[in-house]
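# everything below, folded, please.
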Amino acid sequence: MSEDFQNKVKQYKEMGKTAFIIGYTGECGKELVKALSKNKIFSKVVLIGRRKVEISPDPGPEFEQKVVDYDKLEEYTEAFQGNQVGYCCLGTTRHKAGKEGFIKVDRDYVLKSAEIAKSTGCQHFSVVTASTSDKNSMFLYVKTKGEVEEGLKGMGFDKLSIFRPAMLLCDRSESRLGETFARACFKPWAYLFPTVGSVPTSYVGRAMVVDTVMPGDDKIRTYSNAEIHGLIKQDNNQD
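From the prediction side, this is the model:
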């Protein structure tokens with residue numbers, strides 16, 4: 001860990017803030033949990049999800065899981081209460097959830113969670129969207145991610161951080177044949193141009209932590225795929 005980043009972590013830790021994560025069982029969410037466990041910048045981290053899961057290795061005593069029904073989030077405001085920082089790595093696929101289910105998870109649940117978080121004390125909200133996000137697109141995935149960004153920008157968070165990764169590189173616990181094939185075909189390109197069209201999920205998790213501790217007055221920070229790669233250079237501890 002670089003000395004400069006170490007100092008930022010120390011200064012942030014002294015603020016005694018707490019945070020929550022939605023989507024912590026997904027690939028980016030898992031890596032975010034690991035990064036937060038390593039740096040320990042929060043006195044408490046609430047992991048919000050549909051059910052409790054076993055997390056290995058144990059991230060530490062400051063992490064606690066709370067179960068919610070995303071279709072009745074207004075009944076679970078306590079899970080979000082008093083956390084100054086919120087992270088969203090929530091997402092599914094159209095193949096798995098269908099068109100309406102995809103929109104519900106990737107847009108409606110995200111925006112409702114952010115709305116509740118804002119009303120219960122969240123000052124800084126970080127979200128993972130996509131490199132191609134565009135609310136005016138004719139493509140469902142791209143349009144939905146763009147609508148999320150637009151909705152969050154209108155909520156008035158003190159700080160909003162938007163991470164726009166391209167193809168996510170990871171070993172999924174849930175096999176997706178199409179993605180596996182695409183990654184195999186993409187490997188030579190990723191090797192030659194590592195910051196252009198892909199990024200490891202571990203980089204996304206680490207970049208979210210680096211952004212959290214970075215001071216600055218920018219109310220909205222948007223990170224491209226290349227900028228996500230650049231962020232982790234401040235934390236030069238490789239996985």
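# these two touch, right, Lys44 and Thr18?
Yes - taking C-beta atoms under 8 Å as the definition, Lys44 is a contact partner of Thr18 at 4.2 Å. (C-beta placed from N, C-alpha, C; glycine too.)
# spit out the residues that contact these two alike.
Jointly contacting Lys44 and Thr18 under the rule C-beta atoms under 8 Å, 6 or more residues apart in numbering are Asn83.
# and Ala114, how close does it get to Pro165?
19 Å (C-beta to C-beta, to the nearest Å).
# quick one: the helices in this structure, in order.
Applying DSSP state H to the chain gives helices spanning 3-13, 27-39, 77-80, 94-103, 110-119, 140-153, 177-192, 201-213, 225-231.
# now the ones you listed in a markdown table, with mean pLDDT, distance to Val68 and mean neighbour count?
Shown next, in a markdown table, are those (pLDDT from 0 to 100; distance: least, C-beta to C-beta, whole Å; neighbours: other C-beta atoms under 10 Å):
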| stretch | mean pLDDT | distance to Val68 | mean neighbour count |
| --- | --- | --- | --- |
| helix 3-13 | 92 | 27 | 14 |
| helix 27-39 | 97 | 15 | 22 |
| helix 77-80 | 97 | 6 | 18 |
| helix 94-103 | 92 | 17 | 13 |
| helix 110-119 | 98 | 9 | 20 |
| helix 140-153 | 97 | 19 | 19 |
| helix 177-192 | 56 | 28 | 12 |
| helix 201-213 | 97 | 21 | 24 |
| helix 225-231 | 95 | 28 | 19 |
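# list the contacts for the residue nearest the centre of the chain?
By C-alpha atoms, centre = their mean, the chain has its centre lying nearest to Cys89, at 3.6 Å. Applying C-beta under 8 Å, 6+ apart to Cys89 gives the contacts Ile21, Ile22, Gly23, Tyr24, Gly26, Cys28, Gly29, Leu32, Val128.
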